[in-house]
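> Kindly return the folded structure for what I paste below:
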Amino acid sequence: MSTGLKINSRQRARWLATLVAGGALAIYQATLHPGFFPGESSRQVAVALRQAGNIEQVTRTRLERARDSLRQSRASGLPPGGVTVREAVRETTWTYRARHRLWGGVCALTARLPLGDLPWRMNALSALFGALSVGLLFALVRALVLLFTFHVSPVPARRRKAVATVAGLAAAAALGSAVPFWLASTRCLPLTFECLLQVIMGWLLLQAIVRHREWPLLIFGTLLAAFLFENSTGLLILPLMLFFASRAIRMGDIGYAGGHVSLMAGMLLGGSAYLMLAWLSQGSGMAAPFFAPFRDIILSLQYFGAMVFGGWMADSLWLIVLCFVVMPALAMIGMVIWGDPERIGSSGGLLLITLMGTSTLALTSSSLSPWGLIRHLEHQPLAGSVFLLSALVVGFLVGQGYLMSGGRYFPDVTRGRHPGGGGEQQVGHDAAHAPLGRLLISYMCVLLLAVGIFNFREVIDWREPLSSQTAAEIVRRLDGRRWI
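Numbering: from 1, shown residues only. The predicted structure is shown next:
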């Protein structure tokens, strides 16, 4: 093959990521919501058009038992036993006045573009961010698999590239086909924008490791501080992101002092820029005082403190997220960083089978999944980090399965015909781990296919075309009449 026809591996990876993002964008455009969906999506459009303030109120009712006792006492005329009126009506209300500042600015610019009608522009913006998140996640997982298996895996280099590609495709499919992410990609919601910021931060840490430079850490710190003010999820992922940053500084041989100074300088720059943006946007419909983001962070800390110390164990939603998303993701991270892929014993195999079960419950729409618990709630507290962690676990399982089976799904019938050194080690490795590896690959492929089909049906049902057509027909017939 001539040198002019050879395609560089890095260029091939970029083309693959572009194709994955383009495919996701085509699917999201095909399932795009035809109009404005009532609820949070319509509120985001109203904020972008400066017809509503950027205020989000989340009311968390506490002591439901006490409130029921108070109602019963009022109906019977008897005093409530053991419960005071103050405790019975106590509610915790958090008001976020400066959330989604970056997302609101992007929406405001999109609303003024002369491209198509307004509903299509606003919904297509989320579809674009969703497709970019899926494509960049594919590139990130592919690069991570190649990085962590470069010196430790006995699989040949060409097979490792194929394994990394398949793992990236699995992670991208898991994120893109998740019902909340798919729904957010078809209407004006900030979930896809949050996911894109987090994937970009992960890509910057990877660049810091590969390039051995400090500038990716500077940009990473800037985005991390902005995301900390942008969404309450930033507080939850802050410890994990700081841990990843410290690992990137160590693996990239950047230097302890220089790396952490760049990280802190970036966080200071991003926080100051976000505060200045909040202050300059006064009088624009997204108005907030200069220190409003700090007040929002304090309120978020109080909210999470009340959630942790105020009986979060009784909340089935957070228990499901902890058991089926957070703990499996932490186990996967620990296995990747401190584990040895060549030594998968009985405990490692049991962990992989457990991760298969937790991924099944996290990706499906069953009653024990995070989406199954929040689909009927008025306020949906789950953020994109939950589904992003689940997608990373899926990519890890598929990649690990292919590595355990020697980088191929079907057994190599010619491996005994090639004499030479290293053959026995490869044969022993395949014979010991190939069955479990093929089980992982088969199960995860069937799971992703089934999840994609069933989630497509649910996304189509959520479009509610009949309701939209009925509302449009009512408005058309009332045109020119006086509203009562």
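
> other SSEs contacting the helix or strand hosting Val145?
Following DSSP states H and E, one finds Val145 within helix 118-148. Contact here means 3 or more Cβ pairs under 8 Å, 6 or more residues apart in numbering; DSSP states H and E; on that basis helix 118-148 packs against helix 9-30, helix 40-48, helix 101-111, helix 157-176, helix 179-184, helix 191-211, helix 384-404. For glycine as for every other residue, the C-beta is placed from the backbone atoms N, C-alpha and C.

> What residues of the fourth one count as buried?
Within helix 157-176, the residues scored as buried using 16 or more other Cβ atoms under 10 Å are 160-161, 163-176.

> Next, the angle helix 191-211 makes with it.
In terms of direction (axes from the mean of the first three to the mean of the last three Cα atoms, to 10 degrees), helix 157-176 departs from helix 191-211 by 160 degrees.

> Next: the longest one.
Here helix 9-30 points in a direction 180 degrees away from that of helix 191-211 (the same axes, to 10 degrees).

> Only the buried residues of helix 9-30, if you could.
Those would be Ala13, Leu16, Ala17, Val20, Ala21, Gly23, Ala24, Leu25, Ile27, Tyr28, Gln29, for helix 9-30 by 16+ other Cβ under 10 Å.

> quick one: contacts for the second one?
Translated: Leu16. Contacts of Leu16 were listed using Cβ atoms under 8 Å, 6 or more residues apart in numbering, and they are Phe138, Ala139, Arg142, Thr165, Gly168.

> could the buried residues of helix 9-30 be laid out in TSV, adding pLDDT?
TSV is the format used below for those (pLDDT from 0 to 100):
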residue	pLDDT
Ala13	84
Leu16	92
Ala17	93
Val20	96
Ala21	95
Gly23	95
Ala24	95
Leu25	95
Ile27	94
Tyr28	94
Gln29	92
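
> any weak-confidence spans in the stretch 1-150 of the chain?
Counting by pLDDT under 70, the stretch 1-150 of the chain has low-confidence residues at 1-8, 37-39, 50-99.

> Go again with 90.
1-14, 31-123, 146-150 (pLDDT under 90).

> I figured Val393 hits Thr360, correct?
No: counting by Cβ atoms under 8 Å, Val393 does not reach Thr360; the two are 10.9 Å apart.

> between those two, which one's more packed in?
Remark: of Val393 and Thr360, Val393 carries more neighbours, 24 against 18, as counted by other Cβ atoms under 10 Å.

> Now for that one: which residues touch it?
Shown in contact with Val393 (Cβ under 8 Å, 6+ apart): Pro328, Ala329, Met332, Leu355, Thr358, Ser359, Ala362.

> before we move on, what about Ala131?
Ala131 neighbours (Cβ under 8 Å, 6+ apart): Ala21, Gly22, Ala24, Leu25, Tyr28, Ser185.

> Tell me which two of those sit farthest apart.
Using Cβ to Cβ, the pair of the contacts of Ala131 lying farthest apart is Gly22 and Ser185, separated by 13.9 Å.

> Let me have the contacts of Val393 in a markdown table, adding pLDDT and neighbour count as columns.
Putting the contacts of Val393 into a markdown table (pLDDT from 0 to 100; neighbours: other Cβ atoms under 10 Å) gives the following:
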| residue | pLDDT | neighbour count |
| --- | --- | --- |
| Pro328 | 86 | 26 |
| Ala329 | 87 | 23 |
| Met332 | 86 | 24 |
| Leu355 | 88 | 23 |
| Thr358 | 87 | 19 |
| Ser359 | 87 | 26 |
| Ala362 | 84 | 28 |
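
> Most widely separated two among those?
For the contacts of Val393, and using Cβ to Cβ, no pair is farther apart than Met332 and Ala362, which are 12.1 Å apart.

> May I ask which helix or strand encompasses the nearest residue to Ala208 once chain neighbours are set aside?
Using Cβ to Cβ, 6 or more residues apart in numbering and skipping residues adjacent in sequence, the residue nearest Ala208 is Pro216, 4.0 Å away. Pro216 belongs to helix 215-230 when assigned by DSSP H and E.

> Tell me the first helix or strand C-terminal of that helix.
Toward the C-terminus, helix 215-230 is succeeded by helix 233-251 as the next helix or strand (DSSP H and E).

> give me every residue that touches Gly349.
Taking Cβ under 8 Å, 6+ apart as the test, what Gly349 contacts is Leu436.

> number of nearby residues for the residue nearest to Ala208?
Neighbouring residues of Pro216 were enumerated by other Cβ under 10 Å; the total is 24.

> Got the domain ranges for this structure?
Domain ranges of the chain: 9-35+118-211+311-464, 56-96, per automatic domain parsing.

> Name all residues that make contact with Leu268.
Gly221, Ala225.

> no, scratch that, I was asking about Leu102
Contacts of Leu102 by Cβ under 8 Å, 6+ apart are Phe193, Ala226, Glu230, Tyr274, Leu277.

> one more time with 10 Å, if that's ok
Applying Cβ atoms under 10 Å, 6 or more residues apart in numbering to Leu102 gives the contacts Pro190, Phe193, Glu194, Leu197, Leu223, Ala226, Phe227, Phe229, Glu230, Asn231, Tyr274, Leu277.

> and what of Gly234?
Gly234 makes contact with 194, 197-198, 224-228, 241, 297, 300, 383, 385, according to Cβ under 10 Å, 6+ apart.

> And it, how close does it get to Arg10?
31 Å (Cβ to Cβ, to the nearest Å).

> just Gly395 next, same as before
The gap separating Gly395 from Arg10 is 20 Å, by Cβ to Cβ.

> Equivalent analysis for Leu280, please.
Here Leu280 is placed at a distance of 40 Å from Arg10 (Cβ to Cβ).

> Leu32 in helix, strand or coil?
Classification of Leu32 by DSSP: H, G, I helix; E, B strand; the rest coil places it in coil.

> contacting residues for it?
So Leu32 contacts Pro119, Trp120, Asn123, Ala124, Ser126, Ala127, Ser185, Thr186, Arg187, Arg463 (Cβ under 10 Å, 6+ apart).

> low-confidence ranges in the stretch 301-450 of the chain?
301-387, 399-442.

> hang on, the earlier thing: shared neighbours of Met332 and Ala362, anything?
What both Met332 and Ala362 touch, as defined by Cβ under 10 Å, 6+ apart, is the set Leu389, Val393, Val394.

> From Val325, how far out is the closest residue in space to Leu175 that isn't next to it in sequence?
Leaving aside its sequence neighbours, Leu175 sits nearest to Ala391 (Cβ to Cβ, 6+ apart; 3.8 Å). Distance of Ala391 to Val325, given as Cβ to Cβ: 10 Å.

> so what sits against both of the two?
What both Ala391 and Val325 touch, as defined by Cβ under 10 Å, 6+ apart, is the set Ser359, Ala362.

> sorry, back to before: among the contacts of Val393, name the ones in helices.
Members of those lying in helices (criterion: DSSP state H): Pro328, Ala329, Met332, Leu355, Thr358, Ser359, Ala362.

> one step back: okay if I get the helices and strands packed on helix 118-148 as CSV plus distance to Ile254?
Converted to CSV, those look like this (distance: least, Cβ to Cβ, whole Å):
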stretch, distance to Ile254
helix 9-30, 22
helix 40-48, 39
helix 101-111, 28
helix 157-176, 24
helix 179-184, 33
helix 191-211, 7
helix 384-404, 24
